[in-house]
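>>> what's the 3D shape of this:
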Amino acid sequence: MTTPPLLSLIGLTVQTVRGSKHITWEMDIYPDAAVDLGVLKPGGIPAAVFGWLADLPRRRADRIIVLGECMKKRLIAHGISPDKIFVADNWSEHLVEQPKPIGYGPLSILYSGNLGMPHDVETIASAAAQCRQDGFEFTFAGGGSRHAWLQRFCVENALEGIRFESYCSRSELGERFNSAHIGLVTQRESTLGSLVPSKTYGVLAAGRPLLFIGPKDATPARIIERHNCGWQVDCGDVDGLVALLTHLNANRHLIHDAGRNAYQAFLKHYQREIGVARVAAILGVEAPSEQASMAAAAAS
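Below is the predicted model:
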């Protein structure tokens with residue numbers, strides 16, 4: 001795998017010494033992610049050396065598994081043969097036995113998890129500032145560097161419609177999502193193809209529609225388009241986001257329908273058993289019959 005970065009060099013070593021097959025599973029594309037986030041300077045010597053070392057096992061690998069088409073395009077741009085790159089969507093554990101009906105009350109948007117450098121926070125913060133008179137509720141549960149920035153933004157702008165909560169256990173996560181109307185996922189434009197937000201699948205597993213602030217070609221946006229399970233807004237499009245939230249607030253049936261579609265998408269495509277079967281098929285390992293049938297159904 002690619003976490004930590006350059007771990008695949010061990011696989012390359014074993015492949016070279018023992019003649020074994022070598023398959024890498026790209027969780028993030030390095031050093032691209034570090035360059036995209038400003039940690040490494042584009043075109044600098046550290047990025048160039050890092051990139052050469054990361055691409056060496058990729059070129060020798062028998063197969064490469066990526067989390068989305070956007071990642072595949074990144075590796076093709078590295079000069080990696082597309083014939084050896086296979087897309088396998090990520091998955092989530094079950095969070096709820098059955099999603100609770102989406103209720104009324106103030107429109108509630110929930111972000112759960114780490115809020116860090118890869119995430120667009122400015123767009124949702126500016127939208128919350130514009131919506132302060134509309135009674136919308138924004139909840140950010142978790143932590144991270146951008147979590148702290150957002151708290152300071154709220155204090156400086158006297159925003160009262162944003163709540164901050166701590167991390168919770170996985171057993172409590174489903175209930176937390178069930179208390180909201182919409183699940184929020186964000187991704188900075190620069191990280192298209194180097195990262196795929198894993199939070200996407202937890203929102204689907206909770207049966208909540210997905211609000212994705214990020215690039216149109218990113219994996220969450222493609223999932224939304226494929227399953228009609230939410231809405232995508234470009235980074236920086238504050239007016240568009242405010243207009244969308246206002247429209248959804250006035251048409252709650254759209255939230256209900258998207259939430260239903262989200263949970264059906266999870267059941268058919270993004271459960272753990274289905275995701276494992278996808279990876280097993282790429283590895284050439286025979287999956288158990290139940291998993292294989294579920295994977296076949298997901299592919300149809």
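>>> please count neighbours and contacts with C-alpha atoms only from this point.
OK.
>>> and stretch 84-94, average pLDDT?
Mean pLDDT, stretch 84-94: 94.
>>> go through the host helix or strand of Leu53 and flag the buried ones.
Assigned by DSSP states H and E, Leu53 belongs to helix 45-60. Residues Ala47, Phe50, Gly51, Leu53, Ala54, Asp55, Pro57, Arg58, Arg59 are the ones in helix 45-60 that count as buried (16 or more other Cα atoms under 10 Å).
>>> go on, stretch 275-283?
Gly275, Val276, Ala277, Arg278, Val279, Ala280, Ile282, Leu283.
>>> among those residues, name the ones in helices.
Gly275, Val276, Ala277, Arg278, Val279, Ala280, Ile282, Leu283 (DSSP state H).
>>> looking at the residues you listed, which is nearest Glu26?
Using Cα to Cα, Val279 comes nearest to Glu26 of these, at 12.0 Å.
>>> residues in contact with Leu241?
Contacts for Leu241 (Cα atoms under 8 Å, 6 or more residues apart in numbering) come out as Ile124, Ala127, Val233.
>>> now the first one: closest residue in space that isn't a chain neighbour?
Nearest residue to Ile124 in three dimensions, chain neighbours excluded: Val238, at 7.3 Å (Cα to Cα, 6 or more residues apart in numbering).
>>> show me which residues of the strand or helix carrying Ser171 are buried.
Remark: Ser171 resides in helix 170-178, with elements defined by DSSP H and E. By 16+ other Cα under 10 Å, the buried positions in helix 170-178 come out as Leu173, Gly174, Phe177, Asn178.
>>> I'd like the mean pLDDT over the helix or strand just after it, please.
Once the chain leaves helix 170-178, the next helix or strand it forms, by DSSP H and E, is strand 182-186. For strand 182-186, the mean per-residue pLDDT is 96.
>>> show me what strand 182-186 is packed up against.
strand 108-114, helix 199-205, strand 210-213 (3 or more Cα pairs under 8 Å, 6 or more residues apart in numbering; DSSP states H and E).
>>> export the ones you listed as JSON lines, with columns for distance to Ala88, mean pLDDT and mean neighbour count.
Below are these laid out as JSON lines (distance: least, Cα to Cα, whole Å; pLDDT from 0 to 100; neighbours: other Cα atoms under 10 Å):
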{"stretch": "strand 108-114", "distance to Ala88": "23", "mean pLDDT": "92", "mean neighbour count": "21"}
{"stretch": "helix 199-205", "distance to Ala88": "13", "mean pLDDT": "94", "mean neighbour count": "26"}
{"stretch": "strand 210-213", "distance to Ala88": "20", "mean pLDDT": "98", "mean neighbour count": "28"}
